[in-house]
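Q: Build me a structure from this.
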Amino acid sequence: MRTATLAPLILLVAASPAVSQPAQDSLLLRPMHYDLDVHLDLDHQRMEASVRVRLRNDNEMPVRTAALLLYRLLDVRRVGDASGARRDFSQRVVTFADFSKLQANQILIPLAPALAPGHEITLELQYGGHLLGYAETGMLYVQDRIDTTYTLLREDTYAYPQPGYPSQALNRRAGLPEYSYTARITVPSSHMVANGGALVQRQEPGATVSYRYRSLKPSWRMDFAVARFTRLTQGDLTVFHLREDSAGARRILDAMALTLTTYTRWFGALRAPSPFAVIEIPDGWGSQADATSILQSASAFRDARRTSELYHEISHLWNVPSSETPSPRWDEGLATFLEDVTSDSLTGTATTDSSAMRVSRWLAGRVATDGALRTVPPNEYGTREMTGFSYWVGALMFYGLYRIVGHETFCRIIGEYYRRYATGGGGSAALVRVSNDVSPVDLTRYFDDWLFSPKWSRVVANAKRPEDLYAQYRRTSREPGDDVETAVAPTARSAAKR
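A: I've put the predicted structure just below:
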């Protein structure tokens, strides 16, 4: 079980005291849709852009100011409303109150009248300038730049305006947004634009070429990479790769196809076609994922041992929208656990138990020194800003569930949860409800300990063997044929071949 390599949470909010109800001047709007138009001058390392962003007030109070953040070297020239009429605004480069090395351009747009709760507003901004990353802040992976060799535009560098004030702590309370987008990116005709959305138009009027993308599903980020890519496709799967890594790209595309086929057999078909893309980025730039794509480092294209990272991300296609805000993100724990089960199933290895024990020992060490792990239940990790532990605690929770009910029942639980809640959204209570509906084993006490209380921490602290993590939750009466005692990696491998 690995930790998925993700960007830090979006840095969204203002420098004000921590309060249970935010002050009126620290309220944030939520982005619902972006229309982005970017022209990249790679030779001069500049961008010119315009964006229309639709924002909604999800707060319980009216909002008087739309607060946005852009990269520190991007300058706003004009702000307008949906009709094109000019709006007053101010901008200045600010330092984050709780991260003194981080600076951004803060744009404040007065709203008169104030935007009422539940209402929306559309703003249009024209801006431009340079992009040089944030490596100097200690975020070494944020090497984003505008360059002929490789260009990357993503939320980590505020390459497009995002609601926020200069304070990480306040911003994280807003949770991750989910929005749709369209984007037109214009580059020299020698280059290609890669994105995880649907390519709806490619126009090449001469020395430049414009790529128009549309998001496939709501996401919390949009990423655009520009390089001399080669594009490989197989069905709904795409790999954008640098020319020197063509062999690795073919291996990755084949692994994606096999993984998608395996999960379809295990969990059932997806409700609709789900295109997915892998985009190669330079080493050191930080592998990341959104709803329909992965930014994958060049070294992963050259190292077959890192194929398991694809298992993690493709499994997210079977996730459902979370009804919990902010989400506890135990779905990341599921994806982390599935890396081991999938690897064992497809390669014939047997690492699931040993991997679970490594995670258990690591968590036991953290539990001894971190009081929050001993007191906060995992279903509250979102509200307590502890979702970094969701990968690990969640992975052990799903490992125990897998061992208790067996491979086939486990897959039925995941598949049924997806079928019931893929449209309307689900959460922790819904997962438990489906698990008990499908499983012949009563799982109430198990989830009480591993999801709704911190009792799991005592289980981990005392675990000497893998079975110590789950054996106490087994029930003696089971349906005929559901022999969970044999629900180990070889059983999973057998199921994968069916």
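Q: Put the alpha carbons of stretch 186-193 into CSV.
A: Backbone C-alpha positions of stretch 186-193 (Å, rounded to 0.1, in the frame of the first residue of the first chain) are rendered in CSV as follows:
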residue,chain,number,x,y,z
THR,A,186,-3.1,28.1,-28.2
VAL,A,187,0.5,27.0,-28.7
PRO,A,188,3.1,26.8,-31.6
SER,A,189,2.2,24.2,-34.2
SER,A,190,5.3,22.2,-33.2
HIS,A,191,3.7,21.4,-29.8
MET,A,192,0.8,19.5,-28.5
VAL,A,193,-1.5,20.3,-25.5
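Q: Just the residues contacting that stretch, thanks.
A: 38-40, 42, 148, 151, 185, 204, 206-211, 213, 224-229, 231, 240 (CB atoms under 8 Å, 6 or more residues apart in numbering). Glycine gets a C-beta too; all of them are placed from N, C-alpha and C.
Q: Give me the buried entries from the residues you listed.
A: Buried by 16 or more other CB atoms under 10 Å: 38-40, 42, 151, 185, 208-211, 213, 224-227, 229, 240, out of the contacts of stretch 186-193.
Q: Contacts only, for Val79.
A: Val79 makes contact with 86-89, 107, 109, 123-126, according to CB under 8 Å, 6+ apart.
Q: Now do the helices in the protein.
A: Applying DSSP state H to the chain gives helices spanning 168-172, 246-267, 298-302, 308-315, 330-347, 352-369, 371-375, 390-405, 407-421, 428-438, 444-450, 456-462, 489-497.
Q: Quick one: closest of those helices to Ala194.
A: Closest to Ala194 of the helices of the chain is helix 246-267 (CB to CB; 12.1 Å).
Q: Can I get the closest one in CSV, CA atoms only?
A: Extracted C-alpha coordinates of helix 246-267, given in CSV (Å, rounded to 0.1, in the frame of the first residue of the first chain):
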residue,chain,number,x,y,z
SER,A,246,7.6,5.4,-26.4
ALA,A,247,8.3,1.8,-25.1
GLY,A,248,7.2,2.8,-21.6
ALA,A,249,4.1,4.5,-23.0
ARG,A,250,3.0,1.3,-24.7
ARG,A,251,3.5,-0.7,-21.5
ILE,A,252,1.5,1.9,-19.5
LEU,A,253,-1.3,1.8,-22.1
ASP,A,254,-1.5,-2.0,-22.0
ALA,A,255,-1.5,-2.0,-18.2
MET,A,256,-4.3,0.6,-18.1
ALA,A,257,-6.4,-1.5,-20.4
LEU,A,258,-5.8,-4.7,-18.4
THR,A,259,-6.6,-2.9,-15.1
LEU,A,260,-9.8,-1.5,-16.5
THR,A,261,-10.9,-4.9,-17.7
THR,A,262,-10.1,-6.5,-14.3
TYR,A,263,-12.0,-3.9,-12.4
THR,A,264,-15.0,-4.2,-14.7
ARG,A,265,-15.0,-8.0,-14.0
TRP,A,266,-14.7,-7.4,-10.3
PHE,A,267,-17.0,-4.4,-9.7
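Q: What residues sit buried inside that helix?
A: Within helix 246-267, the residues that count as buried by 16+ other CB under 10 Å are 248-249, 251-253, 255-256, 258-260, 262-263, 266-267.
Q: before we move on, the earlier item: could you provide the contacts of Val79 in a markdown table, with additional columns for distance to Leu401?
A: Listed next are the contacts of Val79 as a markdown table, based on distance: CB to CB, whole Å:
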| residue | distance to Leu401 |
| --- | --- |
| Arg86 | 57 |
| Arg87 | 52 |
| Asp88 | 55 |
| Phe89 | 51 |
| Ile107 | 46 |
| Ile109 | 48 |
| Leu123 | 45 |
| Glu124 | 48 |
| Leu125 | 47 |
| Gln126 | 51 |
